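[1] no FASTA, just this:
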């Protein structure tokens, strides 16, 4: 079956895990780090940078670096770089592709399957876009799993006691709260609330806006008009925010942030934790209502909640932790990394997707038991169709568990109609258009008849990834129409997806060739050094002139940038062979 990656595709950072004998483990990236920044940069030379390299180069790459693309998943947002447009799916695929390559390099084998985690409050369109991103990156997406549920899996899978877990998930771009009941290894989601437009990025923005205003007061210069200055401010503000989770003051110094007629000006400011908390107070407060609503939806009292899990980097802020403790009257758990727990849970989820054999089966059985984890999900949104007079007819109720299927019968509103259109919405408003429009299901070829006579059955099915599949069938003729829902503006056609897959594969091939070339050049430099030593130590040897000539050939190829890889490889082999002959004969 092969290894399956558990991937937390985050707004700010992404993490990957794999299930090993002793449980889920974080897979380091090519730099040996456990976390990969979700940043993509495009250099002027056409190179695509992903992760820390892209983040480091952002100041020199202003206008060519993409941050926080996750916030635009499932929308028609486009990134324009040098005249070419990229969808959120494409940018996300570049991040996933980098992680896939790093995992393959780490394990020395191909890895082409993944469980990808996404916010519980992600809409149908956002989930479909996440799945598309994985496929473009060359991954078979075995499951899309909610981040809070994944966190609960990582925390609770090896705990013997039944419990109710409240997961407070506050990341870089989104906020979720889920309440999950764990009974005998079954994880049942009881309630979901959240806000897909609230996260650590909003905190960073407040800090930057404050620093811009302070600088303007002190120097009369508006830094918001300078893209490079704003990028430097963003980085400094983010570092200060992180630091202030541990200390009371953070000194922000950005030297020569702008030039004036009198020379360079620097930003020098000491930001206190108290000031930061005053800047973001209302953002922290916005998490209160979803938590209370989730508790109400779960029909639980606070004393029935056993465990509070904090997930996401923003939960490191003392102000956030205080609010959670104030609401729940409990101390949150601190024995698992908020940055890594989602990915670890994704790896645990792979237990239910792949056969476990040999030593791994015995080891995991000893820790987790013979039964694989079972998750009972629920959808936080009602799903239905718009009818005449903009009425909303719900087909799948909010808080329904999934996978699930539901259906209803509809008819025509005009005599002799031969087609019916069903606009599909997601939301809780009685007026259809006040909900989120997902797609249009249209069935044609129904039997013409007076209004009210035709019977068209509409079936909604939520699959295990909480992606909606809709079908309409004329019960008189059997004519039907099926669609898998994706927001109309954000949907990728099959031809677009195939183009993106091809471009993704081409990038992998180029990257592989470049890495091979880099390795060849490093090898060449090493061989040249050895050859120079041999020529110096064994002057007068019968093979000296031959080695000298081959060494010059190799140096010439190096000066040409390596030239043809086959020829470079053959020349390296020739020099190595001659070195071996000379050293063996001499000694």
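    It's in. Note that the coordinates shown come from a computational prediction; the quantities given were computed from them, not determined experimentally. Residues are numbered from 1 along each chain as shown.
[2] which secondary structure elements does whichever strand or helix holds residue 274 contact?
    Residue 274 is located in helix 273-285, with elements delineated by DSSP states H and E. Counting contacts by 3 or more Cβ pairs under 8 Å, 6 or more residues apart in numbering; DSSP states H and E, helix 273-285 is packed against helix 200-219, helix 318-328. For every residue, glycine as well, the C-beta is placed using N, CA and C.
[3] if I take that helix and helix 318-328, what angle do their directions form?
    50 degrees (axes from the mean of the first three to the mean of the last three Cα atoms, to 10 degrees).
[4] would you tell me what the next helix or strand after helix 273-285 is?
    Taking DSSP H and E, what comes next after helix 273-285 is helix 288-297.
[5] list the buried residues for that next one?
    Across helix 288-297, burial judged by 16 or more other Cβ atoms under 10 Å covers 290-291, 294-295, 297.
[6] again with stretch 76-94
    Buried, per 16+ other Cβ under 10 Å, within stretch 76-94: 79, 81, 86-94.
[7] again, but for stretch 179-186
    179-182, 185.
[8] quick one: what helix or strand has residue 481 in it?
    Using DSSP H and E, the element containing residue 481 is strand 480-484.
[9] one step back: the buried residues of stretch 76-94 in helices, which ones?
    88-94 (DSSP state H).
[10] now render the residues you listed as CSV, adding distance to residue 583.
    Formatted as CSV, those follow (distance: Cβ to Cβ, whole Å):
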residue, distance to residue 583
88, 57
89, 56
90, 52
91, 52
92, 52
93, 49
94, 47
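[11] hmm, which two among these are most spread apart?
    Longest distance between any two of these is 10.9 Å, between 88 and 94; criterion Cβ to Cβ.
[12] so for stretch 450-468, mean pLDDT?
    Here stretch 450-468 scores 91 as its mean pLDDT.
[13] kindly report the same for stretch 179-193.
    Rounded mean pLDDT across stretch 179-193 is 89.
[14] end-to-end on it?
    Stretch 179-193 has an end-to-end distance of 9 Å (Cα to Cα, to the nearest Å).
[15] could you pull out the helices in this structure for me?
    52-56, 88-107, 124-136, 147-156, 200-219, 227-243, 273-285, 288-297, 318-328, 341-349, 358-368, 494-537, 544-559, 565-586.
[16] which residues are in contact with residue 304?
    By Cβ atoms under 8 Å, 6 or more residues apart in numbering, residue 304 lies in contact with residue 164.
[17] model confidence for it, exactly?
    pLDDT at residue 304 comes out at 92.
[18] gap between the two ends of stretch 317-336?
    16 Å.
[19] quick one: contacts of it?
    154-155, 166, 168, 170, 203, 241, 244-245, 273, 277, 280-281, 284-285, 287-288, 291-292, 302, 305, 307-310, 314-315, 344.
[20] so, low pLDDT: which residues of the stretch 101-250 of the chain?
    Under the criterion pLDDT under 70, the flagged ranges of the stretch 101-250 of the chain are 157-160.
[21] what does the stretch 301-450 of the chain give?
    In the stretch 301-450 of the chain, residues with pLDDT under 70: 354-372.
[22] residue 424: what's it in contact with?
    Residue 424 touches 383-386, 437-441, 468, 470, 485, counting by Cβ under 8 Å, 6+ apart.
[23] distance of the residue nearest to it when sequence neighbours are not counted from residue 409?
    Leaving aside its sequence neighbours, residue 424 sits nearest to residue 438 (Cβ to Cβ, 6 or more residues apart in numbering; 4.6 Å). Here residue 438 is placed at a distance of 21 Å from residue 409 (Cβ to Cβ, to the nearest Å).
[24] likewise for residue 312?
    Taking Cβ to Cβ, one finds residue 312 at 44 Å from residue 409.
[25] greatest separation within the buried residues of helix 288-297: which pair is it?
    291 and 297 (10.8 Å).
[26] what sits in contact with each of the two?
    residue 193.
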